[in-house]
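*Asks:* sharing a sequence plus its predicted fold:
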Amino acid sequence: MTDVFSAINGRTSANNFDPTHAMSVQEIHDIVELTNQTPTSFNQQNWRLIAVNTPAAKARLKAAAYNQPKVGDAAVTFVVVGKVGGHTDLPALIKPMLDGGHLDQAAYDGWIGMANGMYNGKDQLQRDEAIRSASMAAMTLMYAAHGKGLVSGAMIGFDPAAVSAECGLASNEIPVMLVAVGRAAPGNWPRKVRRATADVVSFSAD
């Protein structure tokens, strides 16, 4: 296990994976359990992961990802899926907080009402939110993998229609990105140079 600062400073994107490395279902579950702590707008949890970890399934996904080797070589390649209209799940998702006494009925109704007011009838915002949430989950996934001593590589180089068909995605689901996870093989680049801190932050005026 590594601390959060070491993870931020130490994680890098990998392209080369050990094709002999396999992960157990429990190891995959452990990473997903950590990923599941990712925050989402209104707690709508509008994303999910598909763990592609068998040779045959990885080969099919690799074909849909322009034959990128890491899709097949990694122990598991996750399809990170965003859900459009996830706010409609809120009544069930936050009901346990009402039942547990953490919310009263007015707060429960207000929470759902605010989410409906923000998203209902706004297709582009719902799509943006699905991509936002899935992207945040993907980053958590990569840090979770790093904390387990593994490497990861995110990619958007794939045919969305082919990936959707392969994974049986619903019409309101988007394949946002793929994240390969596994043991590093030789040949990965060192951490890439980042812009200077002064170039990426500005401060508001008085």
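*Replies:* Received the coordinates, thanks.
*Asks:* check the offset of stretch 25-42 from the chain's centre.
*Replies:* Computed by Cα atoms, centre = their mean, to the nearest Å, the separation of stretch 25-42 from the middle of its chain amounts to 9 Å.
*Asks:* stretch 171-185 too?
*Replies:* Distance, centroid of stretch 171-185 to centroid of chain: 7 Å (Cα atoms, centre = their mean).
*Asks:* and what of stretch 101-115?
*Replies:* 27 Å.
*Asks:* and that stretch, what's buried?
*Replies:* Neighbour counts over stretch 101-115 (16 or more other Cβ atoms under 10 Å) mark 103, 108, 111-112, 115 as buried. Yep, even glycine has a C-beta here, placed from its N, CA and C like the rest.
*Asks:* helices and strands around the helix or strand that contains A7, which ones?
*Replies:* Using DSSP states H and E, A7 sits in helix 4-10. Secondary-structure packing of helix 4-10 (3 or more Cβ pairs under 8 Å, 6 or more residues apart in numbering; DSSP states H and E): helix 123-147.
*Asks:* coming back round to it: helix or strand next in line after the helix holding A7, which one?
*Replies:* Next along from helix 4-10, by DSSP H and E: helix 25-35.
*Asks:* contacting residues around that next one?
*Replies:* The contact list for helix 25-35 (Cβ atoms under 8 Å, 6 or more residues apart in numbering) reads 49, 51, 53, 76, 137, 140-141, 144-145, 147-148, 181.
*Asks:* hmm, 6 Å instead?
*Replies:* 49, 51, 76, 137, 140-141, 144-145 (Cβ atoms under 6 Å, 6 or more residues apart in numbering).
*Asks:* now swap in stretch 144-159 and tell me
*Replies:* 1-2, 7, 11, 13-15, 31, 34-35, 64-66, 70, 138, 142, 177-181, 184.
*Asks:* neighbours around T77, how many?
*Replies:* 28 (other Cβ atoms under 10 Å).
*Asks:* one more: P160?
*Replies:* The burial count for P160: 13, using other Cβ under 10 Å.
*Asks:* repeat for V200
*Replies:* Neighbours around V200, by other Cβ under 10 Å: 8.
*Asks:* now the spatially most central residue of the chain: closest residue in space, sequence neighbours ignored.
*Replies:* Nearest to the mean C-alpha position of the chain, by Cα atoms, centre = their mean, lies A138 at 2.6 Å. Of all residues not flanking A138 in the chain, V80 sits nearest, at 4.7 Å (Cβ to Cβ, 6 or more residues apart in numbering).
*Asks:* next, the angle from the helix or strand hosting that neighbour to helix 25-35.
*Replies:* Taking DSSP H and E as the definition, V80 sits inside strand 76-83. Per axes from the mean of the first three to the mean of the last three Cα atoms, to 10 degrees, the angle that strand 76-83 makes with helix 25-35 is 40 degrees.
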